[in-house]
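>>> pasted the sequence and its predicted model underneath.
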Amino acid sequence: MSNKKWKEIPIGGLILEPGNSVKYKTGGWRVFRPVHDPTKCSNCLICWIYCPDSSIIVKNGKIEKFDYDHCKGCGICARECPPKIKAIKMVKEE
Ligand code: SF4
Ligand code: SF4
């Protein structure tokens with residue numbers, strides 16, 4: 001995706017194309033990244049429910065991976081993982 005010049009941006013910065021959020025790789029905003037430990041995980045999927053960016057990929061009822069192209073590193077998944085399990089750790093981006 002190339003950056004637009006100011007004259008090419010719609011007046012008011014309106015987003016005119018619906019359903020375009022997948023094109024914007026917001027993972028670059030991240031300071032901390034979630035790291036999943038499958039050996040601790042009970043696959044309760046609470047993290048998946050709470051993720052505001054739908055960045056937790058589930059396959060066959062199990063956490064498969066994070067979509068690091070779109071995960072903003074908010075840490076909600078790590079926070080909501082049950083305290084006795086804590087299968088997600090937030091790790092500083094290098
Ligand atoms: S850190 Fe935030 S955006 Fe990333 S997977 Fe967890 S809840 Fe989703
Ligand atoms: S909330 Fe924790 S235990 Fe539940 S699926 Fe997510 S990582 Fe696994």
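Received it, and whenever you're ready, just let me know what you need. Ligands and ions are numbered 1, 2, ... in the order given.
>>> of all residues in the chain, which one is nearest the centre?
The centroid of the chain falls nearest to Cys71 when counting by CA atoms, centre = their mean (2.1 Å).
>>> state the distance from that one to Pro38.
For Cys71, the distance to Pro38 (CB to CB, to the nearest Å) stands at 17 Å. Just so you know, the C-beta spots here come from the backbone N, C-alpha and C atoms, and that holds for glycine as well.
>>> coming back round to it: which pLDDT value belongs to the residue nearest to the centre of the chain?
The model reports Cys71 with a pLDDT of 97.
>>> also Pro38?
pLDDT for Pro38: 97.
>>> thought it was touching Ile63?
Yes - here Pro38 lies in contact with Ile63, judged by CB atoms under 8 Å, at a distance of 7.1 Å.
>>> who's more crowded, those two?
Counted by other CB atoms under 10 Å, Pro38 and Ile63 do not tie: Ile63 has more neighbours, with 20 against 10.
>>> Provide a list of residues in contact with the more buried one.
36, 38, 41, 43, 45, 47-48, 56-57 (CB atoms under 8 Å, 6 or more residues apart in numbering).
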